[in-house]
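Asks: Below is the structure, and that's it, no one-letter string:
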């Protein structure tokens, strides 16, 4: 099994992705106003755009947001789409993780929290839980880990 995502790190990743999306959207809006806004574009309520700008400025804006960057190889629109997708995936992962916190009780919850919150590997978490509860590791693996494993698989599946 590949490494398990840590809940707190996922929250940080989500915040970073949201900030990146915000910057990209602001860049697009700034570009729009720089190219088209000064030429008489008017945005009406409901998002409708009436244009007094020349056709060339409209074409220039569309071309600029759809032309791949030399730095990234992606256009501004593609970068915004990728950032939106990343935000959506991270929110879904956090939702699955949070569901696990509420579904499990007792030792299973402790095991799940050790893996997802504390970032321990399953083997380390099982060892810790076994020591804390005066049980054998084998007992924890057989009795408690299978339900936790299913939730961890859901997290992994959400990322794909």
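Replies: Thanks, I have the structure now. Computed from a predicted structure; not experimentally measured.
Asks: Out of the helices and strands in this structure, which is least certain?
Replies: For the chain, using mean pLDDT, DSSP states H and E, the weakest element among its helices and strands is strand 42-43, scoring a mean of 54.
Asks: mind listing what residue 89 touches?
Replies: Listed by CB atoms under 8 Å, 6 or more residues apart in numbering, the contact set of residue 89 reads 158-159. Where you see a C-beta, it was placed from the backbone N, CA and C, and this is true even at glycine.
Asks: ok, now with 7 Å
Replies: When contacts are counted by CB atoms under 7 Å, 6 or more residues apart in numbering, residue 89 touches residue 159.
Asks: tell me which residues in the helix or strand where residue 10 lies are buried?
Replies: Using DSSP states H and E, residue 10 maps to helix 7-35. Neighbour-count burial for helix 7-35 flags 7, 10, 13-14, 17-18, 20-21, 24, 28, 31-32, 35 (criterion: 16 or more other CB atoms under 10 Å).
Asks: Looking at these, spot the one nearest residue 144.
Replies: residue 7 (19.2 Å; CB to CB).
Asks: Wait, that closest one touches residue 97, no?
Replies: Yes. Counting by CB atoms under 7 Å, residue 7 does reach residue 97; the two are 5.3 Å apart.
Asks: Mind listing the shared neighbours of those two?
Replies: Going by CB under 7 Å, 6+ apart, residues that sit against residue 7 and also against residue 97 are residue 116.
Asks: For the residue most central in space within the chain, which residues are in contact?
Replies: Centroid-nearest residue in the chain: residue 90, 2.4 Å away (criterion: CA atoms, centre = their mean). Applying CB under 7 Å, 6+ apart to residue 90 gives the contacts 10, 13-14, 17.
Asks: now, among those residues, which is nearest to residue 136?
Replies: Taking CB to CB as the measure, residue 136 sits nearest to residue 10 out of the contacts of residue 90, at 31.8 Å.
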